[in-house]
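> Have a look at this fold, sequence not included:
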C-alpha cells in the first residue's frame with residue numbers, strides 16, 4: 001500500500017518497465033524501496049537474502065546505483081589487494097554499466113546473431129579514457145575486470161581503437177567471431193551454460209581454451225557463478 005506503479009513497457013527478457021507514482025522526495029522513495037525489497041541474489045543461490053548480502057554482494061568500489069546484480073569479477077577485490085596492485089604500478093580506471101536481468105537470461109536461439117540483449121545503461125568518463133588510452137599508447141596491458149566492464153568499453157571506442165567518453169544504453173551482444181578493441185586481458189568468473197557471459201568469454205579466449213579451463217575447474221571442484229572463483233585470461 002506504500003507504492004503505486006504503472007507498467008509502461010515490456011523488456012526483451014520478459015520483464016516490465018515500471019513508472020512509480022510516489023508523493024515524496026527521492027530519498028523517501030529510496031528508503032521505501034529498500035524497506036520493501038531485498039538484495040537480488042541470482043536464482044541459483046538457493047536461500048533467502050541475508051543482511052550480510054547487502055555488503056557481500058557488492059564490489060568495494062561500487063558508486064552509482066542502478067544495477068540489478070553485482071559485476072561479480074569485482075567481488076574478488078579487497079581494498080588491501082587494490083593497494084598492493086597500485087604499489088606495483090597498476091592504474092585503476094572505473095567505468096559504469098548497470099547490469100540488467102537480461103544478463104542471466106539463457107540463450108534460446110541456435111543462431112547467435114538472432115539473440116537480443118536487454119539494453120543496459122553505461123557511462124565512461126574522460127578520466128577513465130585518459131588512463132586506459134595512456135596505457136595503450138605505451139604498450140601496457142589493459143585488463144578488463146569482468147564481462148560487464150568489457151561490454152561497456154566495447155560500446156565506446158574510436159576508429160584507432162582507443163576508449164572514448166560516452167554514456168547511454170547498450171544492447172551489445174559479443175559472440176564469436178569478434179575482435180576486441182580495448183582490453184587484452186580479462187578477469188571473469190565461471191559462468192552458467194548458455195549465457196551471454198560464457199559466450200563473451202569464449203569470444204575472448206577462444207572456445208577450445210575456454211572449455212579446457214572449465215573442464216579443469218569442474219575436475220578440481222572450483223566454485224562457479226557469482227560467489228565463485230575467477231579466471232584470468234591473458
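Good, I have the coordinates. In this text, all values refer to a predicted model and were calculated from it rather than measured experimentally. Residues are numbered from 1 along each chain as shown.
> what about the residue nearest to residue 94 when sequence neighbours are not counted, which helix or strand?
Nearest residue to residue 94, sequence neighbours excluded (CB to CB, 6 or more residues apart in numbering): residue 128, at 6.0 Å. (Each C-beta comes from the backbone N, C-alpha and C, glycine too.) Applying DSSP states H and E as the criterion places residue 128 in helix 126-137.
> Buried ones in that helix, by neighbour count?
128-129, 132-133, 135-136 (16 or more other CB atoms under 10 Å).
> do stretch 147-163 as well
147-157, 163.
> Span of it from start to end?
16 Å (CA to CA, to the nearest Å).
> Spatially nearest residue to the spatially most central residue of the chain, not counting backbone neighbours?
Centroid check for the chain by CA atoms, centre = their mean gives residue 148 as the closest residue, at 2.6 Å. Spatial nearest neighbour of residue 148, excluding adjacent residues (CB to CB, 6+ apart): residue 71 at 3.9 Å.
> In contact with the one you found, which residues?
59, 97, 99, 145-146, 148-149 (CB atoms under 8 Å, 6 or more residues apart in numbering).
> again, but for residue 166
122-124, 155-156.
> Identify the bridge partners of it.
For residue 166, the beta-bridge partners under DSSP bridges are residue 124.
> And the helices in this structure?
26-36, 53-56, 79-87, 126-137, 147-154, 196-205, 207-219 (DSSP state H).
> Just say which of the ones you listed is most tucked in.
Highest mean neighbour count of the helices of the chain: helix 147-154, a mean of 26 (counted as mean count of other CB atoms under 10 Å).
> All good on my end, thank you.
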